[in-house]
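I would like to see how this sequence folds:
(one chain, ligands or ions: 2)
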Amino acid sequence: MTKSAQELSAALQATGDFLSMTRAHEWHMPAFEFEVNGAQHSTQVSVLDTGIIVFEPQTATSKDVVLSCAVHGNETAPIEICAELVEKAIKGEITLTQRVLFLFGNPAAMNIAERFVEENLNRLFSGAHSEDGGLKNKERIRAKDLEDAVRNFFTAGGDNRERKHYDLHTAIRESKNAKFAVYPFRHGKPWKTTELSFLQACGVSTILLSHSPTTTFSYFSSNNFGADAFTVELGKVRPFGENDMTQFSDVKTTLKALITGQSINSTPFVEDDFSIYEIDQTINRTEQNFVLHFPDDAKNFTDYPVGYLLATDGDKQYHVRTEGEAIIFPNANVALGQRALLTVKPTKL
Ligand SMILES: O=C(O)CCC(=O)N[C@@H](CCC(=O)O)C(=O)O
Ligand SMILES: [Zn+2]
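Ligands and ions are numbered 1, 2, ... in the order given. Now for the predicted structure:
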């Protein structure tokens, strides 16, 4: 039986378990609001739809923070991290001091433990959902809904506030550098070292600088709202319950500090403490006959000698062009027209 907004509100206030409620409503859920009374101030909580929840402390705040997970449904560690923060905030076990929008991107894909149902959500932002056939499946509609949620959240906060968006993922393969972040293209604006120090406090000190627009969620927030936005890869994909959560203590502590106004355990930026790469080749699959010419278990950040044949796309060949050039996100099974491999090369800021 479908529950009313009132029943859902009562259940969420009793349990704090927004993840289960989200999984029980794969594409939509009635909206509702309630207040959490903390020791110092109360916080308005607004559930806008399934997987979309906003916390607004009734006191001065300076930052608008978006924490998203499950843009790929099977990337469970970030989901567990966000679910825990949401639960603690609802139960009043932590008191937020910043406006925070939590997003659980693709509940239906979570339930089938897959990256997506019909189409990769993280290729549908910045309006891509409405191109090439338009809003023809539920993931396209969801991408638009997520965009609207972010737009409304940042707009309601107003200008001249610090805007952050950490889009949390895990990678399909093992990575030589287990945690890393993609820094979306900034159209010539400087890379922010304060942001890199924040990521370092999260345990992320490998950074991939992007030099072109993409249809990812983090680029959407960066480009449209001037948010400090990142795709953050926190390790390897594992099923629910199989993550070693001790691997995520730094990121959990640091995100909690960000939204509750505690001091961040970061150190001044020292470039030598980071591995900085820039994205070099973006290799799309355009042919049915697409082959990657390295082992299936090759880890992200494995480099191959100059001239090495990385991939063939029909008759087209892609080789390593630069000393130290390494593979990221290889996936020969993507849909035609989609990214099947990135290469990165070491760089300086
Ligand atoms: O491990 C993989 O192959 C993919 C992991 C993942 O989902 N990565 C993101 C990166 C997004 C970006 O480039 O900012 C993705 O592919 O969507
Ligand atoms: Zn992902």
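
those strands in the stretch 201-349 of the chain, which residues are they?
206-209, 228-236, 275-284, 290-292, 309-313, 316-319, 326-328, 339-346 (DSSP state E, counting those that start in this stretch).

Give me the buried positions along the fourth one.
By neighbour count on 16 or more other CB atoms under 10 Å, the buried set for strand 290-292 is 290, 292. C-beta coordinates here come from the backbone N, C-alpha and C atoms, glycine included.

what do you get for stretch 199-218?
199-210, 214-218.

For stretch 32-41, buried residues please.
So, applying 16+ other CB under 10 Å, buried residues of stretch 32-41: 32, 36, 38.

check which helix or strand covers the nearest residue to Leu19 once chain neighbours are set aside.
Nearest residue to Leu19, sequence neighbours excluded (CB to CB, 6 or more residues apart in numbering): Ala83, at 3.9 Å. Secondary-structure assignment from DSSP states H and E places Ala83 in helix 76-90.

Tell me the gap between that helix and the middle of its chain.
When distances are taken as CA atoms, centre = their mean, to the nearest Å, helix 76-90 is centred 14 Å away from the chain's centroid.

Tell me the residues of this structure that contact ligand 2?
Within the chain, the positions near ligand 2 by CB under 5 Å from the ion are 72, 75, 169.

pLDDT of the helix or strand encompassing the last one, averaged?
His169 is part of strand 162-171 when elements are defined by DSSP H and E. For strand 162-171, the mean per-residue pLDDT is 98.

Can you list the strands that that strand pairs with?
Strand 162-171 has its sheet partners listed here by DSSP bridges as strand 63-69 (parallel), strand 228-236 (parallel).

what sits against the residue in the stretch 151-300 of the chain positioned nearest to ligand 2?
With CB to the ion as the measure, His169 is the residue of the stretch 151-300 of the chain nearest to ligand 2, at 3.4 Å. Residues in contact with His169 (CB atoms under 8 Å, 6 or more residues apart in numbering) are 69, 71-72, 75, 78, 231-234.

picking that back up, and the helix holding Ala83 with strand 162-171, angle?
Angle of helix 76-90 versus strand 162-171, following axes from the mean of the first three to the mean of the last three CA atoms, to 10 degrees, is 140 degrees.

Report whether helix 76-90 contacts ligand 1.
No: using CB under 6 Å from any ligand atom, helix 76-90 stays clear of ligand 1, coming no nearer than 10.5 Å.

going forward, begin numbering at 50 instead of 1
Noted, 50 is the first residue going forward, which turns the last one into helix 125-139.

now for the helix or strand following that helix, which elements pack on it?
Counting by DSSP H and E, the element after helix 125-139 in chain order, helix or strand, is strand 148-153. If you count contacts as 3 or more CB pairs under 8 Å, 6 or more residues apart in numbering; DSSP states H and E, strand 148-153 packs onto helix 67-73, strand 101-106, strand 112-118, helix 125-139, helix 187-206.

Tell me which of those is the most buried.
strand 112-118 (a mean of 25; mean count of other CB atoms under 10 Å).

the inter-axis angle of that strand versus strand 148-153?
Going by the same axes, to 10 degrees, strand 112-118 makes 10 degrees with strand 148-153.

Briefly note if strand 112-118 comes near ligand 1.
No: remark: strand 112-118 sits outside contact range of ligand 1, by CB under 6 Å from any ligand atom, the gap being at least 11.4 Å.

Which residues does that strand contact?
Counting by CB under 8 Å, 6+ apart, 124, 127-128, 130-131, 134, 147-154, 195, 199, 202-203, 206, 210-218, 266, 270, 276, 278, 304, 307-308 sit against strand 112-118.

and the contacts of His218 as JSON lines, adding distance to Gly363 and pLDDT?
Putting the contacts of His218 into JSON lines (distance: CB to CB, whole Å; pLDDT from 0 to 100) gives the following:
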{"residue": "Cys118", "distance to Gly363": "36", "pLDDT": "98"}
{"residue": "Val120", "distance to Gly363": "30", "pLDDT": "98"}
{"residue": "His121", "distance to Gly363": "27", "pLDDT": "98"}
{"residue": "Glu124", "distance to Gly363": "31", "pLDDT": "98"}
{"residue": "Pro127", "distance to Gly363": "36", "pLDDT": "98"}
{"residue": "Thr280", "distance to Gly363": "29", "pLDDT": "98"}
{"residue": "Val281", "distance to Gly363": "34", "pLDDT": "98"}
{"residue": "Glu282", "distance to Gly363": "30", "pLDDT": "98"}
{"residue": "Leu283", "distance to Gly363": "35", "pLDDT": "98"}
